[in-house]
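[1] would you be able to build a 3D model of this:
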Amino acid sequence: MPERFLIEDREEFLAKLRALLGEGVSPGELLLHLPFEVPEVEELLGLPPSRTRLFALAGALGGFGGGLAFTIYTALDWPLVTGGKPIVSLPPFLIIAYLMTILFGSLGAFAGFLFLARLPRRAGVAEADGAGGRFVIEVHHGRRRP
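    Numbers count the residues shown, from 1 in each chain. Next comes the predicted model:
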C-alpha cells in the first residue's frame, strides 16, 4: 500500500516533495496529482522538456510547405495572365503559406499533446480519489509507479 499525502497549499506541497526527494525517494516511485501546473515539479524531478514543441514545428513546416505548394499548383493549373505579371509570384502566396503555418502548427501541437498524453483512453482519465482540488503525493516504495 503506497504512502499518500494530501496537501492543500502549493508551497507546502513543494516543501514535502523536496523533503521526500532529499530522503532518497526516487522520482520513479512518486505519483503526483496536481490541481494545476506547477513548473518547479519538472525541475525537481529532473524531467526533460516536453516533446510537444516538435509536433508543433513539424506541423508548422508542413503547413508552410503545403500552403506554398497549394497556391503555386493552383496558379499553374489555372493561370490568370494579367498585364505581363509572372504567374508564380511569391509575395501574395506567402500570406496563404503564413496562415497555413499557424493553422497546422497549432493542430500539430494539439495532436502532439493528445499523443504524448495517451489520450483518449478507453479507461478514461484517472482521478485522484478524494483529492478535491488538493495536491496528492503517492509514494510507491521499492517499485516503479503504476
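[2] could you pull up the contacting residues of Glu8?
    Arg134, Phe135 (Cβ atoms under 8 Å, 6 or more residues apart in numbering). In this view, the C-beta of every residue, glycine as well, is placed from N, C-alpha and C.
[3] most distant residue from the centre of the chain?
    Gly83 (48.5 Å; Cα atoms, centre = their mean).
[4] correct me, but Leu17 touches Leu44?
    Yes. Here Leu17 lies in contact with Leu44, judged by Cβ atoms under 8 Å, at a distance of 5.9 Å.
[5] out of these two, which sits in the busier spot?
    Leu17 (23 against 16; other Cβ atoms under 10 Å).
[6] the more buried one and Leu119, how far apart?
    Per Cβ to Cβ, to the nearest Å, Leu17 is found 25 Å from Leu119.
[7] equivalent analysis for Arg18, please.
    Arg18 sits 30 Å away from Leu119, going by Cβ to Cβ.
[8] my understanding was that Arg143 contacts Glu29; is that so?
    Yes. Between Arg143 and Glu29 a contact is recorded at 7.1 Å, counting by Cβ under 8 Å.
[9] those two: who's more crowded?
    For the pair Arg143 and Glu29, the greater number of neighbours falls to Glu29 (18 against 9), based on other Cβ under 10 Å.
[10] so for that one, what's the nearest residue that isn't a sequence neighbour?
    His140 (5.1 Å; Cβ to Cβ, 6 or more residues apart in numbering).
[11] and the one you found, how many neighbours does it have?
    With other Cβ under 10 Å as criterion, His140 counts 16.
[12] quick one, phi psi at it?
    Per-residue torsions, His140: phi -100, psi 90 (degrees, to the nearest 10).
[13] report the separation between it and Leu116.
    For His140, the distance to Leu116 equals 23 Å [Cβ to Cβ].
[14] so who does Phe13 touch?
    Going by Cβ under 8 Å, 6+ apart, the list of residues near Phe13 reads Ile7, Val38, Phe135, Ile137.
[15] and those residues as TSV, adding secondary structure, distance to Leu94 and pLDDT?
    TSV is the format used below for those (DSSP: H, G, I helix; E, B strand; the rest coil; distance: Cβ to Cβ, whole Å; pLDDT from 0 to 100):
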residue	secondary structure	distance to Leu94	pLDDT
Ile7	strand	52	94
Val38	coil	41	91
Phe135	strand	48	92
Ile137	strand	51	91
